[in-house]
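Enquirer: any chance you can model this:
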Amino acid sequence: MDTQRSSEKQYADFEFNLRELAGSMGDFGTLFPLVIAYIAVNGLNPAGLFIMLGLTNIALGLIYRMPMPLQPKKVIAGAAIAQGWSPSLIYASGFGLGLIWLILVVTGLLRKLLDITPPTIVVAIQLALGVTLAWQAVQWMLPAPLLGVLAIAIALILRENRYAPAAIVLMVLGVAIMAWQGKLPARGT
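Expert: Numbers count the residues shown, from 1 in each chain. Have a look, this model is predicted:
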């Protein structure tokens, strides 16, 4: 009975709103664009990708007893998308990276590695990845620059809005534009 009360107390301030909805979709603002790029640019199988993401989210929810965002390996994603990797190279990289992380954690080497890695290295990797993805985004925006500028403006304007998170607004807008242009896939295809 005490466990149930402590659990109720722990989640008493939980509020479900659109930001929670966006967050519950696996870090929607970060994960979804990378997933779409993996499918569109790299040719990953959507069914396999979404099944594995779903299973991972379920496992994280069961382990941590709360919705946890699934962070893709953004360095691999950035390089794979920008360089047009094949699906097999992405799968192999993900598997290899998973094995390396497992070995580092089990042996305790991860803590030692964290202790000796300067924060500037992490920032430099993040900056390089950001510049690479930004350049690729500019290339993709060239055919419709006004639409790209509109998307950036919406993201900036709504970045702190709790009732209309930018990721959800942009997703709805993108689906609406595709429907208007007649580019939505037919049902069952």
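Enquirer: count the residues that sit near residue 102.
Expert: 11 (other CB atoms under 10 Å). C-betas here are computed from N, CA, C, even on glycine.
Enquirer: element containing it, please.
Expert: In the assignment (DSSP states H and E), residue 102 maps to helix 87-107.
Enquirer: equivalent analysis for residue 110, please.
Expert: Using DSSP H and E, residue 110 falls in helix 109-116.
Enquirer: next one: the helix holding residue 102 to chain centre, how far?
Expert: Here helix 87-107 is found 18 Å from its chain centre; the criterion is CA atoms, centre = their mean, to the nearest Å.
Enquirer: same check on stretch 49-62?
Expert: The chain centre lies 13 Å from the centre of stretch 49-62; the measure is CA atoms, centre = their mean.
Enquirer: pLDDT of it, averaged?
Expert: In this model, stretch 49-62 has a mean pLDDT of 78.
Enquirer: and if you look at stretch 108-122?
Expert: 87.
Enquirer: pull up the distance across that stretch, start to finish.
Expert: 20 Å (CA to CA, to the nearest Å).
Enquirer: again, but for stretch 154-174
Expert: 12 Å.
Enquirer: again, but for stretch 140-147
Expert: With CA to CA as the measure, stretch 140-147 spans 11 Å from end to end.
Enquirer: quickly find the element holding the spatially most central residue of the chain.
Expert: By CA atoms, centre = their mean, the mean C-alpha position of the chain lies nearest to residue 31, the distance being 1.4 Å. Secondary structure assignment for residue 31, by DSSP H and E: helix 28-40.
Enquirer: and residue 155, what's its pLDDT?
Expert: 87.
Enquirer: from residue 37, how far off is the closest residue to it other than its chain neighbours?
Expert: Leaving aside its chain neighbours, residue 155 sits nearest to residue 166 (4.5 Å; criterion: CB to CB, 6 or more residues apart in numbering). Using CB to CB, to the nearest Å, residue 166 is found at 18 Å from residue 37.
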